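Chemist: model the following, please.
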Amino acid sequence: MNKRRIMILLFLLVISFGPYYIYQNVLYKDARDITGEKSTVTITAENLEKEYASGAALADSKYLNKTIEITGKVSEVTDSTMVIDGKAFCKMNERTKINLKNKQINIKGRCIGFDDLFEVVKLDQCSIQQH
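Modeler: Okay, here's the model as predicted:
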């Protein structure tokens, strides 16, 4: 009787953790490495914001979840974010150690959409390409 209980318990454990194992090792993909990807387009922050303001659905089809490069002048800087031309909010991969405010810059990141409240395009996983 004791062996039977152990077998049932072992069977229940396999059933419980089987879907989790399949999800983690088969279905779940590693996060994208944006710094290693080639950008699909280079655009100014101002033009990117204009496209989103004129038609978010069309702009989403072009830019959403794609690796893009934006160019413009840095208007705000914190240790982990930058705002380019007041039009694009960039969440940086690394802390910014140098003062780049009011300097022309080229940043690569993943476009995550348009923020209607602040009227800025948001990018994450950003890295500085050129300044």
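Chemist: which strands or helices does the lowest-mean-pLDDT helix or strand in the chain pack on?
Modeler: Least confident helix or strand of the chain, by mean pLDDT, DSSP states H and E, is helix 2-22 with a mean of 77. Here helix 2-22 touches no other helix or strand, going by 3 or more CB pairs under 8 Å, 6 or more residues apart in numbering; DSSP states H and E. All C-beta atoms are positioned from the backbone trio N, CA, C, and that covers glycine.
Chemist: which SSE is immediately downstream of that helix?
Modeler: Helices and strands here follow DSSP states H and E; after helix 2-22, the next one along the chain is strand 41-44.
Chemist: could you pull out the buried residues of that following strand?
Modeler: 43-44 (16 or more other CB atoms under 10 Å).
Chemist: name the surrounding residues that touch it.
Modeler: 62-63, 66, 68-72, 85, 106 (CB atoms under 8 Å, 6 or more residues apart in numbering).
Chemist: quick one, which of those residues are buried?
Modeler: 62-63, 68-72, 85.
Chemist: how is the chain partitioned into domains?
Modeler: According to automatic domain parsing, the chain is divided into the following domains: 1-30, 34-130.
Chemist: lowest mean pLDDT across these, which one is that?
Modeler: Lowest mean pLDDT within the domains of the chain: domain 1-30, at a mean of 72.
Chemist: quick check: end-to-end length of stretch 45-63?
Modeler: Distance between the two ends of stretch 45-63: 12 Å, counting by CA to CA, to the nearest Å.
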